[in-house]
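S.K.: sequence and predicted structure, then a few things I'm wondering about:
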Amino acid sequence: MTSHQATATAPATATAPVIPQLSRSRSQLHPKAMASLKVVVSGAAGQIAYSLLPLICSGQVFGPEQRVQLRLLDLPFAQEALQGVKMELQDCAFNLVDEIVLTDDLEVAFKDVDVAVLVGGFPRKQGMQRKDLIEKNVAIFKAQGEAIEKFASRDVRVLVVANPANTNCLIAMQHAPSIPRRNFSALTRLDHERLRSFLVERVNEEKSKKGEQTKVTSKDVRNCIIWGNHSSTQVPDCTHVTVHEHNNTVAPLTAHVDDQAWIETALVKDVQERGAAIIKARKLSSAMSAAAAIGAHLRDWFHGTKDGEFVSMAICSDGNTYNVPEGLIYSFPVRCDGKGNYEVVEGLEINDRVAKMMYVTATELQDEKQDAVTILASPEHQ
């Protein structure tokens, strides 16, 4: 174990409390909500953005009355393709879009933006180690962090999607020191929804075996958790999942799925390896589902999570009560208040199995952080 790993301590088991509710009015929106929202999307000529942009422009992300100004950022060689994306957005005749700016210039892209969705990054290629991927992305996210620091709104919300998302987010955050750390997040909502989808399928299989005619949907399976890194060490946690039936009954997952071995092994592996399975089948990485997860992440961040529910966001670990080392971007269960703020759901009971996995994923994130620090200290990045 290296010296920086030694600081990671396995999370202690906590006593399960009554989970507090955020005090808010559902009608309260983020302060910027009714002004035209300036949104930059990087990697805007890519697959994920192609599925994401219609969601933003149609009001499915920031609200049906929220006007937007789009800054579409990509590399110089992608500008012609980006023109095609702009033409398609124009042809959709979205009534909420005030402006679409195409650029490869960071100042133009980030000037006064309220929301930054950082999708573009150097893609992982066959044979690349995670450290190699970090090295390729350090310069990108250092530059974008510096641009956020210099040009963006002081209240900007930043969502990093490009992998390794947690560490890319950390690099950007560290290079925008005047922006509150809590304004930065990385995407683990896709993993969260993958877990939920597997659970919906299994609950319905069990109901069919019992001869039950009613089915559950994704809105009925609540409070999945993804802890840690958006990687194969992520921790899919079903401990606090509840299933809501159409007759208004609520039961824990185990009331429907009495198969702890599946919950603790096969399910975890399926969620952790889902991205690789999609690449194998499609020969391309997740795009449509990633865009949907980005939309859900931002929608909840700006408009609030539903009462009694929490979702997964990778955020700065400073001040957490789950014994996760500080100074990481780590996925936690959170609630959002509808005004652009979130809070970690505290006091959840963590069993020994989950605690050990949380330690492993924290250690991986510390390794990634140390790799990034080493790379940033090298002469070529000074």
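M.R.: Now that the structure is in, tell me what you want to look at.

S.K.: quick one: stretch 129-142 to chain centroid distance?
M.R.: Averaging C-alpha positions (Cα atoms, centre = their mean, to the nearest Å) puts stretch 129-142 19 Å from its chain's average.

S.K.: quick one: contacts of it?
M.R.: By Cβ atoms under 8 Å, 6 or more residues apart in numbering, the residues outside stretch 129-142 that reach it are 118, 120-122, 124, 160, 162-164, 167-169, 171-172, 175, 231, 368, 371-372, 375-376, 381. Every C-beta, even on glycine, is put in place using the N, C-alpha and C of the backbone.

S.K.: same check on stretch 226-234?
M.R.: Under the criterion Cβ under 8 Å, 6+ apart, residues 130, 163-166, 186-188, 190-192, 195, 235-237, 271-273, 312, 314, 330-332, 354, 357-358, 360-362, 364-365, 368 lie in contact with stretch 226-234.

S.K.: narrow these to just the buried residues.
M.R.: Buried residues within the contacts of stretch 226-234, counting neighbours by 16 or more other Cβ atoms under 10 Å: 130, 163-166, 186-188, 190-192, 195, 235-237, 271-272, 312, 314, 330-332, 354, 357-358, 360-362, 364-365, 368.

S.K.: in strands only, show me those.
M.R.: Among the buried ones among the contacts of stretch 226-234, the members found in strands (DSSP state E) are 186, 235, 236, 237, 312, 314, 330, 331, 332.

S.K.: skipping adjacent residues, who's closest to the third one in space?
M.R.: Among residues not flanking residue 236 along the chain, residue 271 sits closest, at 4.3 Å (Cβ to Cβ, 6 or more residues apart in numbering).

S.K.: can you give me the neighbour number for the spatially closest residue to residue 36 that is not a sequence neighbour?
M.R.: Of all residues not flanking residue 36 in the chain, residue 67 sits nearest, at 4.4 Å (Cβ to Cβ, 6+ apart). By other Cβ atoms under 10 Å, 17 other residues sit near residue 67.

S.K.: on that earlier part again, show the pLDDT at the residue nearest to residue 236.
M.R.: Note on residue 271: pLDDT of 97.

S.K.: next step: the contacts of stretch 129-142 restricted to strands.
M.R.: Among these, the members found in strands (DSSP E) are 118, 160.

S.K.: where along the stretch 201-350 of the chain do the helices fall?
M.R.: Shown for the stretch 201-350 of the chain, the helices assigned by DSSP state H, counting those that start in this stretch span residues 260-261, 267-272, 274-282, 288-303.

S.K.: and the residue nearest to residue 36, what pLDDT?
M.R.: 98.

S.K.: what number of residues lie near residue 131?
M.R.: Burial of residue 131 is recorded as 16 neighbouring residues (other Cβ under 10 Å).

S.K.: let me redo that: residue 283
M.R.: Residue 283, neighbours per other Cβ under 10 Å, totals 7.

S.K.: what are the boundaries of the strands in the stretch 51-200 of the chain?
M.R.: Ranges of strands in the stretch 51-200 of the chain, per DSSP state E, counting those that start in this stretch, are 68-73, 97-103, 115-118, 157-160, 184-186.

S.K.: off-centre distance for the longest one?
M.R.: Strand 97-103 has its C-alpha centroid displaced from the chain centroid by 25 Å (Cα atoms, centre = their mean).

S.K.: run through the residues that contact residue 375.
M.R.: 134, 135, 138, 381.

S.K.: just the pLDDT for it.
M.R.: 93.

S.K.: repeat that for residue 13.
M.R.: For residue 13, the predicted pLDDT is 39.

S.K.: before we move on, what about the one 3 residues further on?
M.R.: Residue-level confidence at residue 16 comes out at 36, pLDDT.

S.K.: residue 201: which of the helices of the stretch 201-350 of the chain is closest?
M.R.: Of all these, the one in closest proximity to residue 201, counting by Cβ to Cβ, is helix 267-272 (10.4 Å).

S.K.: how about the closest one as CSV, C-alpha atoms only?
M.R.: Listed next in CSV are the C-alpha coordinates belonging to helix 267-272 (Å, rounded to 0.1, in the frame of the first residue of the first chain):
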residue,chain,number,x,y,z
LEU,A,267,-26.3,-7.7,-9.3
VAL,A,268,-23.3,-5.8,-8.2
LYS,A,269,-21.2,-7.3,-11.0
ASP,A,270,-23.8,-6.6,-13.6
VAL,A,271,-24.0,-2.9,-12.7
GLN,A,272,-20.2,-2.5,-12.5
